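*Asks:* predicted coordinates and the sequence they were generated for:
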Amino acid sequence: MSSGAPRGHGEAVRLPRGASLSDFADKINANPGSLVQEMFGLGEMVTATQSCTDETLLLLGEHLGYDVQIVSPEDEDRELLAQFHIDLDAEVAPERLVSRPPVVTVMGHVDHGKTKLLDAIRRSNVVEDEAGGITQHIGAYQAWVEHDGADRAITFIDTPGHEAFTAMRARGAQVTDIVILVVAADDGVMPQTVEALNHAKAADVPIVVAVNKIDKPEANPGRVRQQLTEYGLVAEEYGGETMFVDVAAKPGTGIEKLLEAVLLTADATLELTAPTDGPAQGVAIEAHLDRGRGAVATVLVQKGTLLTGDSIVAGGAHGRVRAMLDEHGRQVPDAGPARPVLVLGLTAVPSAGDTFLAADDDRTVRQIAEQRQARRRAAQMASSRGRATLETLMEQIKEGEKSSLNLILKGDVSGSVEALEDALFKLDVPEEIQLKVIDRGVGAITESNVMLASASEAIIVGFNVRTSTATVRQLAEREGVEIRYYTVIYQAIEEVESALKGMLKPVYEEVTLGSAEVRAIFRSSRFGNIAGCLVRSGVIRRNAKARLLRDGAVVADNLSIASLRREKDDATEVREGFECGLTLGNYNDVKVDDVIETYELREKPRA
């Protein structure tokens with residue numbers, strides 16, 4: 001072939017997600033231009049530096065005879081860290097291991113009292129700060145319990161209850177050791193109870209059931225136990241292995257027993273140990289932008305000890321730990337395994353669920369963060385671009401039949417933004433509408449957000465955030481950019497769904513009006529052929545749409561009844577059983593015994 005791209009013989013080529021043709025060319029010692037030509041020959045227009053989708057890379061690999069392997073983000077991250085001699089999965093010598101507190105996630109249906117239960121455990125109140133009484137973001141707290149004569153710590157991760165936060169709840173189950181499943185004794189098992197149960201089972205973690213609201217007169221704890229046996233949770237009193245504890249969060253009944261059940265489950269089924277020495281590793285549970293303190297992240301240390309002054313990297317964010325705060329806002333000098341702390345000093349806001357690690361120096365963490373950011377950008381660009389073939393480009397230019405709603409999401413914390421995006425993409429939207437999230441971020445809505453929205457005709461959705469200054473608001477008004485503010489996730493989802501449905505082109509259905517049989521043809525120099533007809537059914541209306549049938553087959557469609565006469569008078573409509581004369585505009589090929597069918601298009605209401 002003239003392009004001169006080297007042919008492979010089944011050699012493996014490892015490429016990261018979103019790799020470009022230049023990256024591919026480097027791996028096989030080829031000229032990037034030759035690969036651009038190859039792609040053109042395959043019917044795809046791709047530039048040498050453009051991020052490619054996995055399908056494009058695999059297609060080119062197959063064409064050239066290479067076994068292209070797309071490296072998973074996890075493997076890619078391991079390879080990246082290996083360059084800096086960091087091994088997250090390295091085995092720890094048994095003598096370095098010490099016991100650590102269990103990490104517990106509270107899950108369950110909305111309004112079943114998860115936050116109230118955590119309040120009772122923490123003896124504080126966070127519900128009043130939550131919009132609509134719904135927990136909007138993940139938090140992590142540590143409680144101390146006296147058990148077997150010793151003070152034991154338990155770490156709680158508070159995952160929000162609404163179903164739109166499924167993604168965050170799943171993440172909660174991944175970092176957790178034990179799940180407390182809260183079920184209201186007066187309500188029983190609900191859809192989200194089952195959903196939470198599935199997450200816990202997928203994470204393969206033991207479950208302790210807290211049967212809440214037993215102080216209510218209509219409470220029926222026995223029914224909850226019965227219902228949960230259908231899902232494989234059999235209470236100990238029924239001969240099973242799951243501990244059920246009856247609690248009432250408001251008066252604080254049964255809280256001690258619940259904490260005891262958690263510790264008993266941890267001691268009986270889990271061996272919770274971690275090394276306390278060495279650089280810290282863990283997970284960013286939550287992160288947000290604080291006006292006075294900059295990027296703030298809640299991290300859960302899983303190995304080692306995090307110290308003030310450590311250089312850390314979390315996802316694509318890096319920095320030096322300026323200060324660490326516990327759940328009460330007090331400064332702490334260090335944090336060991338299973339300890340959640342608020343970290344100050346990061347240069348950017350990490351995503352919820354990003355792994356974090358402490359490294360030797362600032363330079364190392366900066367390089368890791370920059371490479372991760374570049375990789376994420378490439379993967380994002382590839383997935384948002386989709387496959388641009390010559391055919392699809394021509395089709396898109398030819399007909400603009402795809403309506404698209406562009407959104408920019410801004411929230412107070414990354415978990416909320418991610419959950420909102422996740423919920424929006426799950427909306428049941430017809431194919432002809434495309435929903436695109438062109439940008440997402442944490443913090444107030446800025447000028448650059450408004451300018452991007454203006455350039456891409458996007459709507460800005462602000463979740464628990466406002467515009468940073470009055471100037472931004474004025475700029476949005478000047479540019480005609482719509483900004484919508486929400487404090488409860490339900491409203492955001494509902495309004496976006498209505499907007500999407502409102503954007504749909506109306507769907508019309510055809511309604512038959514009537515049919516007439518042609519009995520005679522009259523020639524007229526002024527009007528062309530006039531059809532003398534007998535109306536067989538329904539009604540024939542002037543200006544109605546019509547089609548001509550001959551021997552049962554459609555001869556002409558999309559015609560209209562241009563003129564209509566009953567005897568010598570003009571008529572607007574002629575009913576069944578009467579005769580009439582009509583013309584079909586400029587269409588003259590009408591014959592005796594033809595059937596003229598009239599119909600109208602009515603807009604069909606969308607479900």
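*Replies:* Right, received. Where do you want to start?
*Asks:* from here on, just use CA atoms for contacts and neighbour counts.
*Replies:* Noted.
*Asks:* sort out which residues of the longest strand along the chain are buried, please.
*Replies:* Counting residues, the longest strand found in the chain (DSSP state E) is strand 507-524. By neighbour count on 16 or more other Cα atoms under 10 Å, the buried set for strand 507-524 is 513, 514, 515, 516, 517, 518, 519, 520, 521.
*Asks:* out of these, which is nearest to residue 228?
*Replies:* Sorting the buried residues of strand 507-524 by how near they are to residue 228, with Cα to Cα, puts residue 513 at the top with 57.7 Å.
*Asks:* wait, that closest one touches residue 600, no?
*Replies:* Yes. Taking Cα atoms under 8 Å as the contact criterion, residue 513 and residue 600 are neighbours in contact, 7.0 Å apart.
*Asks:* pLDDT weak spots in the stretch 251-400 of the chain?
*Replies:* Where the stretch 251-400 of the chain drops to pLDDT under 70, the residues are 379-400.
*Asks:* per-residue confidence averaged over the longest strand of the chain?
*Replies:* Within the predicted structure, the mean pLDDT of strand 507-524 is 89.
*Asks:* partners of the helix or strand following it in the sheet?
*Replies:* Following the chain from strand 507-524 toward its C-terminal end, the next helix or strand by DSSP states H and E is strand 528-541. Counting by DSSP bridges, the strands paired with strand 528-541 are strand 507-524 (antiparallel), strand 573-575 (antiparallel), strand 579-583 (antiparallel).
*Asks:* what does strand 528-541 contact?
*Replies:* Contacts made with strand 528-541 from outside it, assessed by Cα atoms under 8 Å, 6 or more residues apart in numbering, are listed as 513-524, 561, 564, 572-583, 586, 588-590, 598.
*Asks:* for the very next helix or strand once past that strand, packing partners?
*Replies:* Per DSSP H and E, the first helix or strand lying C-terminal to strand 528-541 is strand 545-550. Helices and strands touching strand 545-550, by 3 or more Cα pairs under 8 Å, 6 or more residues apart in numbering; DSSP states H and E, are strand 553-560, strand 595-604.
*Asks:* would you map the strands across the stretch 101-250 of the chain?
*Replies:* Under the criterion DSSP state E, counting those that start in this stretch, the stretch 101-250 of the chain contains strands at 103-108, 139-147, 150-158, 178-184, 207-212, 243-246.
*Asks:* and the third one, what's its mean pLDDT?
*Replies:* In this model, strand 150-158 has an average pLDDT of 84.
*Asks:* and residue 491, its phi and psi?
*Replies:* The phi/psi pair for residue 491 (degrees, to the nearest 10) reads phi -60, psi -40.
*Asks:* how near is it to residue 462?
*Replies:* With the distance defined as Cα to Cα, to the nearest Å, residue 491 ends up 12 Å from residue 462.
*Asks:* export the strands of the stretch 101-250 of the chain to TSV and tack on distance to residue 454?
*Replies:* Formatted as TSV, the strands of the stretch 101-250 of the chain follow (distance: least, Cα to Cα, whole Å):
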stretch	distance to residue 454
strand 103-108	40
strand 139-147	35
strand 150-158	38
strand 178-184	45
strand 207-212	49
strand 243-246	55
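*Asks:* which of the ones you listed has the lowest mean pLDDT?
*Replies:* When mean pLDDT is averaged over each of the strands of the stretch 101-250 of the chain, strand 139-147 scores lowest at a mean of 80.
*Asks:* so that strand versus strand 150-158, what angle?
*Replies:* With axes from the mean of the first three to the mean of the last three Cα atoms, to 10 degrees applied, the angle from strand 139-147 to strand 150-158 works out at 160 degrees.
*Asks:* what's the spacing between strand 139-147 and its chain's center?
*Replies:* Relative to the mean C-alpha coordinate of its chain, strand 139-147 is positioned 32 Å out (Cα atoms, centre = their mean, to the nearest Å).
*Asks:* which outside residues touch that strand?
*Replies:* 121-122, 151-159, 259-260, 263, 285-286, 298, 327, 339-340.
*Asks:* distance of the nearest residue to residue 216 once chain neighbours are set aside relative to residue 218?
*Replies:* In space, not counting the residues next to it along the chain, residue 216 is nearest to residue 186; the distance is 7.1 Å by Cα to Cα, 6 or more residues apart in numbering. When distance is defined by Cα to Cα, residue 186 is 6 Å away from residue 218.
*Asks:* so between these two, which is more surrounded?
*Replies:* Using other Cα atoms under 10 Å, the more surrounded residue of residue 186 and residue 218 is residue 186, with 20 against 11.
*Asks:* does the more buried one touch residue 213 like I think?
*Replies:* Yes. Residue 186 lies in contact with residue 213 (Cα under 8 Å); the separation is 6.9 Å.
*Asks:* for the chain, which helix is longest?
*Replies:* Looking only at the chain and at elements set by DSSP state H, the helix with the highest residue count is helix 362-385.
*Asks:* what helices or strands is that one leaning on?
*Replies:* Going by 3+ Cα pairs under 8 Å, 6+ apart, helix 362-385 lies up against helix 73-83, strand 311-314, strand 317-325.
*Asks:* ok, 7 Å please
*Replies:* Taking 3 or more Cα pairs under 7 Å, 6 or more residues apart in numbering; DSSP states H and E as the contact definition, the neighbouring helices and strands of helix 362-385 are strand 311-314, strand 317-325.
*Asks:* strands paired with the shortest one, and their directions?
*Replies:* Put plainly, it is strand 311-314. strand 317-325 (antiparallel), strand 355-359 (antiparallel).
*Asks:* phi, psi of residue 566?
*Replies:* Geometry field for residue 566 lists phi and psi as phi -120, psi 110, criterion degrees, to the nearest 10.
*Asks:* can you pull the contacts of the nearest residue to residue 273 once chain neighbours are set aside?
*Replies:* In this structure, residue 273 finds its nearest non-sequential neighbour in residue 99, 4.2 Å apart by Cα to Cα, 6+ apart. Applying Cα atoms under 7 Å, 6 or more residues apart in numbering, we find residue 99 in contact with 272, 273, 274.
*Asks:* repeat that for residue 554.
*Replies:* Applying Cα under 7 Å, 6+ apart to residue 554 gives the contacts residue 548.
*Asks:* same question, residue 507
*Replies:* Applying Cα under 7 Å, 6+ apart to residue 507 gives the contacts 603, 604.
*Asks:* and it, how far from residue 293?
*Replies:* Following Cα to Cα, the distance that separates residue 507 from residue 293 is 52 Å.
*Asks:* now swap in residue 230 and tell me
*Replies:* The spacing between residue 230 and residue 293, counted by Cα to Cα, is 49 Å.
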